[in-house]
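S.K.: Show me the folded form of this:
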Amino acid sequence: MEVLEALRKAVEEGHPGETENLVREALAQGVEPMRMVDEAMMPAMRTVGEHYKNQETDILRILAAARSIRKGFELIEEQGGSVSREKIGTVILGTVEGDLHDVGKNLVAIMFRSAGFKVIDLGVDISEKQFLRAVRETPDVSIVCISSLLSTTLPEMEQVVKSLRRNDPEKKYKIMVGGGAMNRQLAEHMGADAYTENCVEAAEVARTFIV
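M.R.: Residues are numbered from 1 along each chain as shown. Purely as a prediction, here's the structure:
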């Protein structure tokens with residue numbers, strides 16, 4: 001469908017204004033909101049994520065694409081539509097204590113919500129006790145996702161992972177880690193269930209834990 005292809009391109013190229021115009025046009029044509037998400041917006045984010053993973057683009061491009069998706073979602077909801085699916089699981093998300101960076105975390109949150117998860121975003125500078133309290137207050141939690149950009153906060157991340165493991169001997173939830181300071185080897189050493197390099201991969205891996 002021509003309008004969906006144009007919408008995909010607008011998101012991929014990071015044009016929020018054009019995205020809004022195309023969402024408006026698609027709604028006028030009677031296109032279902034979830035079709036816009038599944039056939040245009042999410043494929044665009046996956047493409048941008050792959051480009052970033054292959055070092056063919058930078059974080060600014062991902063931010064622009066995410067901003068475009070957010071504008072599209074806002075317009076759909078303003079017009080009385082919905083981009084919500086039945087929630088497939090609950091994710092607790094936060095950046096570890098000592099780290100105030102939130103760009104990567106926010107992108108992951110957008111992708112998780114788009115993939116059908118309920119997201120509880122704890123924010124930044126989140127302590128071990130705060131993660132544990134959030135888990136205890138959320139009995140239906142499926143995944144805990146922990147972010148760290150700074151290498152100086154890796155010991156804190158490891159402590160959070162180990163505490164979550166002790167708190168969940170039956171492994172009712174999965175632990176995912178990511179951020180500039182992380183890599184797969186560190187994640188395995190800490191005992192995390194998964195490490196992902198970008199927001200698109202994070203949502204795709206999370207879905208494999210649920211489906």
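
S.K.: Provide the contact partners of the helix ranked longest in the chain at residue level.
M.R.: If you go by DSSP state H, the chain has its longest helix at helix 59-78. Contact partners of helix 59-78, identified using Cβ atoms under 8 Å, 6 or more residues apart in numbering, comprise 7, 10-20, 23-24, 27, 33, 36, 41, 44-45, 48-49, 51-52, 82-83, 103, 106-107, 110, 114, 198-199. Yep, even glycine has a C-beta here, placed from its N, CA and C like the rest.

S.K.: residue boundaries of the strands in the chain?
M.R.: For the chain, the strands defined by DSSP state E occupy 89-96, 117-126, 141-147, 174-178, 194-195.

S.K.: Between the ones you listed, which one is closest to Gln185.
M.R.: Among the strands of the chain, strand 194-195 comes nearest to Gln185, with 8.7 Å by Cβ to Cβ.

S.K.: So what's the model's average confidence on the longest helix of the chain?
M.R.: Average pLDDT, helix 59-78: 85.

S.K.: what about it, distance to the chain center?
M.R.: Helix 59-78 has its C-alpha centroid displaced from the chain centroid by 13 Å (Cα atoms, centre = their mean, to the nearest Å).

S.K.: Equivalent analysis for stretch 57-74, please.
M.R.: 12 Å.

S.K.: What are the buried residues along that stretch?
M.R.: Thr57, Arg61, Ile62, Ala64, Ala65, Ala66, Arg67, Ser68, Ile69, Lys71, Gly72, Phe73 (16 or more other Cβ atoms under 10 Å).

S.K.: got it, and stretch 26-43?
M.R.: Ala26, Leu27, Val31, Pro33, Met36, Val37, Glu39, Ala40, Met41, Met42.

S.K.: Determine how far the last residue of that stretch lies from the first.
M.R.: End-to-end distance for stretch 26-43, by Cα to Cα, to the nearest Å: 17 Å.

S.K.: Give me the distance between it and the centre of its chain.
M.R.: Going by Cα atoms, centre = their mean, where stretch 26-43 is centred and where its chain is centred differ by 20 Å.

S.K.: hey, C-alpha coordinates of stretch 70-89 in PDB?
M.R.: The C-alpha trace of stretch 70-89 is given here as PDB (Å, rounded to 0.1, in the frame of the first residue of the first chain):
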ATOM      1  CA  ARG A  70       6.100   8.800  19.000                       C
ATOM      2  CA  LYS A  71       4.500  11.600  16.900                       C
ATOM      3  CA  GLY A  72       2.600   9.000  14.900                       C
ATOM      4  CA  PHE A  73       1.300   7.300  18.000                       C
ATOM      5  CA  GLU A  74       0.200  10.600  19.500                       C
ATOM      6  CA  LEU A  75      -1.700  11.500  16.500                       C
ATOM      7  CA  ILE A  76      -3.500   8.200  16.300                       C
ATOM      8  CA  GLU A  77      -4.500   8.400  19.900                       C
ATOM      9  CA  GLU A  78      -5.700  12.000  19.400                       C
ATOM     10  CA  GLN A  79      -7.900  10.800  16.600                       C
ATOM     11  CA  GLY A  80      -9.500   8.200  18.900                       C
ATOM     12  CA  GLY A  81      -7.500   5.300  17.600                       C
ATOM     13  CA  SER A  82      -5.200   2.900  19.500                       C
ATOM     14  CA  VAL A  83      -1.800   1.300  19.000                       C
ATOM     15  CA  SER A  84      -2.200  -1.000  22.000                       C
ATOM     16  CA  ARG A  85      -2.300  -4.700  21.700                       C
ATOM     17  CA  GLU A  86      -3.300  -7.100  24.500                       C
ATOM     18  CA  LYS A  87      -0.200  -6.900  26.700                       C
ATOM     19  CA  ILE A  88       2.000 -10.000  26.200                       C
ATOM     20  CA  GLY A  89       4.100  -9.400  29.300                       C
END
